[in-house]
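> just coords:
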């Protein structure tokens with residue numbers, strides 16, 4: 001696997017946590033020193049390991065918000 005850098009710029013909220021201490025979170029992350037994007041993924045307890053996730057631009061996150069607001073949850 002290729003080396004890459006990441007920096008969590010901001011934590012917005014924890015969505016869940018599993019028994020091993022991994023948490024699914026909405027964060028803003030800069031990957032490889034690029035422009036930060038919004039990110040939903042599982043993070044290890046020390047934020048040194050991560051699972052697969054979804055990354056969104058600000059516009060994509062707005063569209064997702066609108067879609068969720070239209071759902072009857």
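Nice, thanks for sending it over. This structure is a prediction, so every number in the text was calculated from the model and none was measured.

> Which parts of the protein are helices?
58-70 (DSSP state H).

> Next, the buried residues of the longest strand along it.
Determined from DSSP state E, the single longest strand within the chain is strand 6-17. Using 16 or more other Cβ atoms under 10 Å as the test for burial, strand 6-17 gives residue 6. All C-beta spots, glycine's among them, are computed from the backbone N, C-alpha and C.

> Pull the residues that contact it.
Applying Cβ atoms under 8 Å, 6 or more residues apart in numbering, the external contacts of strand 6-17 come out as 23-33, 36, 38, 40, 47, 50.

> again, but for stretch 52-72
29, 31, 37, 38, 39, 40, 41, 42.

> one step back: closest to residue 3 out of the contacts of strand 6-17?
residue 32 (9.4 Å; Cβ to Cβ).

> What does the pLDDT read for that closest one?
Residue 32 carries a pLDDT value of 95.

> ok, back up a step: list the ones among the contacts of strand 6-17 that fall in strands.
23, 24, 25, 26, 27, 28, 29, 30, 31, 38, 40, 50.

> so where's the protein uncertain?
Scanning the chain for pLDDT under 70 picks out 1-2.

> try it again with 90
Scanning the chain for pLDDT under 90 picks out 1-4, 73.

> okay but residue 31 is in contact with residue 38, surely?
No. Shown here, residue 31 and residue 38 do not form a contact pair, counting by Cβ atoms under 8 Å, at 11.8 Å.

> give me the number of residues near residue 38?
As a burial measure, residue 38 scores 19 neighbours (other Cβ atoms under 10 Å).

> before we move on, what about the one 5 residues further on?
By the criterion of other Cβ under 10 Å, residue 43 has 22 neighbours.
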